[in-house]
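Peer 1: sequence below, structure please.
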Amino acid sequence: MLDVGRIVKAHGLRGQVLVDLWSDRTERLAPGSTLLTDRGPLVVRQSAGHQARFIVTFEDVATREEAERWRGVVLRAPRLEVEDEDVIWIDQLYGATVVERDGTVRGTVVEVEANPASDLLVLDTGHLVPLAFVVDVTPHERIVVEVPEGLFE
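Peer 2: Here you go, the predicted model:
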């Protein structure tokens with residue numbers, strides 16, 4: 001399962017919530033979609049974009065009080081089967097060794113940090129590498145990067 005978003009807070013009086021979607025796959029919030037949580041599944045009744053987030057109505061969440069109880073809950077979903085060689089799946093980056101094209105090892109990915117310009121690989125060495133510099137990925141094993149001079153200084 002992939003973490004795809006988080007319920008930020010209640011929105012309105014009829015059980016809607018504001019969702020921060022961490023995926024660019026907005027079909028995750030399509031009516032009828034099921035998202036899993038540590039508290040059980042949630043089925044999307046309807047959703048609409050709202051600024052950089054989504055207002056979502058889930059089945060069985062009918063009041064503001066019920067919606068407030070879901071604040072901060074992480075939403076999960078199975079990986080979508082997408083046939084696109086250019087797609088980098090975030091969960092495949094964890095634990096991979098980052099190397100430059102010349103073979104210089106730069107560290108191991110311990111986290112992926114969201115960033116408006118380009119998500120960042122957080123390495124165990126403390127370095128941050130924008131995903132824009134990734135040229136090849138072998139899931140959970142090796143990430144080849146081509147970075148500008150001085151990035152690792």
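
Peer 1: what lines up beside the host helix or strand of I143 in the sheet?
Peer 2: Assessed by DSSP states H and E, I143 sits inside strand 142-145. Here strand 142-145 is paired, per DSSP bridges, with strand 97-100 (parallel), strand 134-138 (antiparallel).

Peer 1: how far does the last one sit from the chain's center?
Peer 2: It stands for strand 134-138. Remark: strand 134-138 is offset 18 Å from the chain centroid, using CA atoms, centre = their mean, to the nearest Å.

Peer 1: now that strand: buried residues?
Peer 2: Buried residues in strand 134-138, counted by 16 or more other CB atoms under 10 Å: 134, 137. Placement of C-beta: from N, CA and C, glycine included.

Peer 1: need the contact partners of it.
Peer 2: Here strand 134-138 makes contact (CB atoms under 8 Å, 6 or more residues apart in numbering) with 88, 92-93, 96, 101, 121, 142-146.

Peer 1: just the shortest one next, same as before
Peer 2: With contacts defined as CB under 8 Å, 6+ apart, strand 97-100 is touched by 105-109, 121, 123, 129, 141-147.

Peer 1: could you export it as PDB, CA atoms only?
Peer 2: Output of strand 97-100 as PDB, limited to C-alpha atoms (Å, rounded to 0.1, in the frame of the first residue of the first chain):
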ATOM      1  CA  THR A  97      22.100   3.700  -3.100                       C
ATOM      2  CA  VAL A  98      22.500   7.000  -4.900                       C
ATOM      3  CA  VAL A  99      25.500   7.100  -7.300                       C
ATOM      4  CA  GLU A 100      26.700   9.600  -9.900                       C
END
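
Peer 1: elements contacting whatever helix or strand comes next after that strand?
Peer 2: Per DSSP H and E, strand 97-100 leads on to strand 105-113 as the next helix or strand towards the C-terminus. Applying 3 or more CB pairs under 8 Å, 6 or more residues apart in numbering; DSSP states H and E, one finds that strand 105-113 contacts strand 97-100, strand 120-123.
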